[in-house]
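Q: Quick one, fold the following:
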Amino acid sequence: MSDPRRVVGQQGEDAAAAWYEAAGYEILDRNWRVREGELDLVVADAGTVVFCEVKTRRGDAFGLPAEAVTARKQQRLRVLARQWLSAHAPSSALLRFDVAAVLPDGHGGWAVEVFTDAF
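A: Next up is the predicted model:
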């Protein structure tokens, strides 16, 4: 049996990826992993590479999803982004860090709120 938290997290990442695709972004990578951690989504649009941390919750009882992206997590994401860029992208790309907060939409789907240039 699958871990329910993992299933919810995957559904949230799928919803966030669909949001970016609908907005015209190209998905460059999903769940890119190295020893130091994982990047949820790496997307691109008009010369900008965007590193998106996706936080999915079934409700707000434990706080809003975006609140889970702490300063420590932001620092780890910066380190991971440097590693991803050294392996994949030209140094001339503009960079941005987004946070996608995903919650149930009340109709069996997911509501995605993207905080662009979040940190």
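Q: Quick one: neighbours of Q75, just the number.
A: 11 (other CB atoms under 10 Å). For every residue, glycine as well, the C-beta is placed using N, CA and C.
Q: Also L64?
A: Other residues close to L64 by other CB under 10 Å number 12.
Q: Report the mean per-residue pLDDT for the lengthiest strand in the chain.
A: Taking DSSP state E as the criterion, the chain has its longest strand at strand 94-104. Across strand 94-104, pLDDT averages out at 96.
Q: Q11 sits in which helix or strand?
A: helix 4-22 (DSSP states H and E).
Q: just how off-centre is the helix or strand that that helix is followed by within its chain?
A: Per DSSP H and E, the first helix or strand lying C-terminal to helix 4-22 is strand 26-34. Distance of strand 26-34 from the chain centroid (CA atoms, centre = their mean, to the nearest Å) equals 9 Å.
Q: Alpha carbons only: can I get strand 26-34 in PDB?
A: Extracted C-alpha coordinates of strand 26-34, given in PDB (Å, rounded to 0.1, in the frame of the first residue of the first chain):
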ATOM      1  CA  GLU A  26       8.200  24.200 -20.000                       C
ATOM      2  CA  ILE A  27       8.800  21.500 -17.400                       C
ATOM      3  CA  LEU A  28      12.600  20.900 -17.400                       C
ATOM      4  CA  ASP A  29      12.700  18.500 -14.400                       C
ATOM      5  CA  ARG A  30      10.500  16.900 -11.700                       C
ATOM      6  CA  ASN A  31      11.700  15.400  -8.500                       C
ATOM      7  CA  TRP A  32      15.400  15.900  -9.300                       C
ATOM      8  CA  ARG A  33      17.400  14.200  -6.500                       C
ATOM      9  CA  VAL A  34      20.900  14.300  -5.300                       C
END
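Q: and it, what does it pack onto?
A: Helices and strands touching strand 26-34, by 3 or more CB pairs under 8 Å, 6 or more residues apart in numbering; DSSP states H and E, are helix 4-22, strand 37-45, helix 71-88.
Q: buried stuff in the second one?
A: What that stands for is strand 37-45. Neighbour-count burial for strand 37-45, counted by 16 or more other CB atoms under 10 Å, picks out 39-44.
Q: distance of R76 from W110?
A: Going from R76 to W110 by CB to CB, to the nearest Å gives 25 Å.
Q: Cheers, nothing more for now.
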